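J.: I would like the atomic coordinates for the input below:
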Amino acid sequence: MPWQQDSGVGGVDSYEDNDYAPVPEPGLGMSPDTRFQDIPLPEGVREVPEQTYVYETRNLRMGRMVYNTRHSIPELSNFFLKHAPAAGWEVVSVREGDSVTLNFKKEGKELTVDLHERGLLMGRRVIINYTPATA
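T.: A predicted model of the protein is given here:
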């Protein structure tokens, strides 16, 4: 049967090898439109310019970037938890409740990603705060 054949995904030879053998999601791709090279941004997000600000000088880089998207909170969380460490960010904490907050750090920098549900018609909001590290 087709579901019993080796799919080549995750090393599972058949459904019967595991109690549950989900089909892995490919994940969100990376957007080329990121404001800062070391901050990953998923494709398919739309910036909210009236709520976004970025400040950059030779010695200081910071900003609050706000985006709307149709991607789900789990898709967005997985994206940042996968791509931020690949960009050199260390996961500091993850808080889940009515929203999700992901905190990252790297030398001299802090990154906070807030993911908010806005309802069926409004989609999700992604708020990225990029600041110098505090003491």
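J.: Distance-wise, check the spatially most central residue of the chain relative to Arg118.
T.: In the chain, the centroid-proximal residue (CA atoms, centre = their mean) is Phe80; its distance is 2.6 Å. To Arg118, Phe80 is 18 Å away according to CB to CB, to the nearest Å. All C-beta spots, glycine's among them, are computed from the backbone N, C-alpha and C.
J.: And for Val126?
T.: Note on Val126: its distance to Arg118, by CB to CB, is 11 Å.
J.: The two: which has the busier surroundings?
T.: Val126 (25 against 11; other CB atoms under 10 Å).
J.: element containing that one, please.
T.: Per DSSP states H and E, Val126 falls inside strand 124-132.
J.: distance between that strand and the chain's centre?
T.: 10 Å (CA atoms, centre = their mean, to the nearest Å).
J.: Run through who's touching it.
T.: Strand 124-132 has contacts (CB atoms under 8 Å, 6 or more residues apart in numbering) with 36, 39, 41-42, 45, 48, 60-73, 76, 108-118.
J.: hmm, which of these are the buried ones?
T.: The neighbour count (16 or more other CB atoms under 10 Å) marks 36, 39, 41-42, 45, 61-63, 65-67, 69, 71, 76, 109-115 as buried among the contacts of strand 124-132.
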